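[1] missing the sequence, but the structure's below:
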């Protein structure tokens, strides 16, 4: 079982400027490449380097674009196109930025900006929705971290997700596909409560009905409301009456 929190919990970092970053000469021709406008938004949150140790050879923008390419295409690390920095270097920065909180800071800031400037809501959410999805696992996934979802007939993993009412990601819990929704919801709600104490209301479908509602109220002071899906509905609705 693993939890990925998108909550900006990392220690604050000194923002970089565009001038702090090594300029790039690489041509932008992949759909996943950052535009100049996108890089202007991302650059302050990407470490530009301390100036100590070896000189910086590869622009950070090229490394960010390589990570975005891999995420967009799903290719293997060693299958990155040759116009990107070496795959081992890209992977090194991906691990480093995940570990030191850079990825969380980027996601947290972008989510708050979308909520404030596009959705005209408070930067911090007060309500959330939870749901889950079972996915087939690759052969490389260890048997100890997978399971069989008899209802969906899927052998693999299940991701339990919490989003705000705009559909923006707050937290993810990954378990074996055999984990019941209401069992996976407990650690997910614990994480949600710890990172977003402003959230007081949570909506969920009938798969979460039962003891979870009382448990959340008693232990986390969260109101979990079970919402029945409409006939033919494929996804959770947006709730415009909450933030």
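    Thanks, I have it. Nothing here was measured: the structure is a model prediction, and the numbers come from that model.

[2] For the rest of this, base every contact and every neighbour count on C-alpha atoms.
    OK.

[3] For residue 76, report the pLDDT, please.
    Listed pLDDT for residue 76 reads 92.

[4] Nearest residue to residue 78 in space, please, no chain neighbours.
    Distance criterion CA to CA, 6 or more residues apart in numbering; nearest residue to residue 78, sequence neighbours excluded, is residue 87 at 5.6 Å.

[5] what's around that neighbour, how many residues?
    18 (other CA atoms under 10 Å).

[6] could you list every residue that touches it?
    By CA atoms under 8 Å, 6 or more residues apart in numbering, the residues touching residue 87 are 77, 78, 79, 80.

[7] For those residues, could you give me JSON lines that also reports secondary structure?
    Shown next, in JSON lines, are these (DSSP: H, G, I helix; E, B strand; the rest coil):
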{"residue": "77", "secondary structure": "helix"}
{"residue": "78", "secondary structure": "helix"}
{"residue": "79", "secondary structure": "helix"}
{"residue": "80", "secondary structure": "coil"}
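
[8] In ChimeraX, how would I select the buried members of these?
    Filtering the contacts of residue 87 down to the buried ones (16 or more other CA atoms under 10 Å) takes a single ChimeraX command:
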select :80
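
[9] Return the member of the contacts of residue 87 nearest to residue 190.
    In terms of CA to CA, no member of the contacts of residue 87 lies closer to residue 190 than residue 77, at 33.6 Å.

[10] what's the closest non-adjacent residue to that closest one?
    residue 87 (5.7 Å).

[11] where's the one you found relative to residue 21, distance?
    Using CA to CA, to the nearest Å, residue 87 is found at 20 Å from residue 21.

[12] Then residue 55?
    12 Å.

[13] can you check residue 217 too?
    Distance from residue 217 to residue 21, by CA to CA: 48 Å.

[14] For those two, work out which one has more neighbours and name it.
    More neighbours surround residue 21 than the other of residue 217 and residue 21, with 19 against 13 (other CA under 10 Å).

[15] Pretty sure that one sits against residue 42.
    No. The pair residue 21 / residue 42 is not scored as a contact, 11.4 Å apart, by CA atoms under 8 Å.

[16] So residue 116: helix, strand or coil?
    With three-state DSSP as the criterion, residue 116 reads helix.

[17] Neighbours of it, how many?
    Residue neighbour count, defined by other CA under 10 Å, stands at 14 for residue 116.

[18] With residue 43 instead?
    Residue 43 has 21 neighbouring residues, counting by other CA under 10 Å.

[19] so where do the strands sit in the chain?
    Ranges of strands in the chain, per DSSP state E, are 2-5, 127-136, 147-149, 154-164, 169-176, 201-204, 223-226.

[20] how about those in a markdown table, adding mean pLDDT and distance to residue 97?
    Listed next are the strands of the chain as a markdown table, based on pLDDT from 0 to 100; distance: least, CA to CA, whole Å:
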| stretch | mean pLDDT | distance to residue 97 |
| --- | --- | --- |
| strand 2-5 | 55 | 14 |
| strand 127-136 | 94 | 27 |
| strand 147-149 | 89 | 30 |
| strand 154-164 | 93 | 22 |
| strand 169-176 | 91 | 18 |
| strand 201-204 | 96 | 31 |
| strand 223-226 | 96 | 34 |
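
[21] need those in TSV with mean neighbour count and distance to residue 15, can you?
    TSV is the format used below for those (neighbours: other CA atoms under 10 Å; distance: least, CA to CA, whole Å):
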stretch	mean neighbour count	distance to residue 15
strand 2-5	15	22
strand 127-136	21	30
strand 147-149	20	43
strand 154-164	23	26
strand 169-176	22	23
strand 201-204	20	34
strand 223-226	18	37
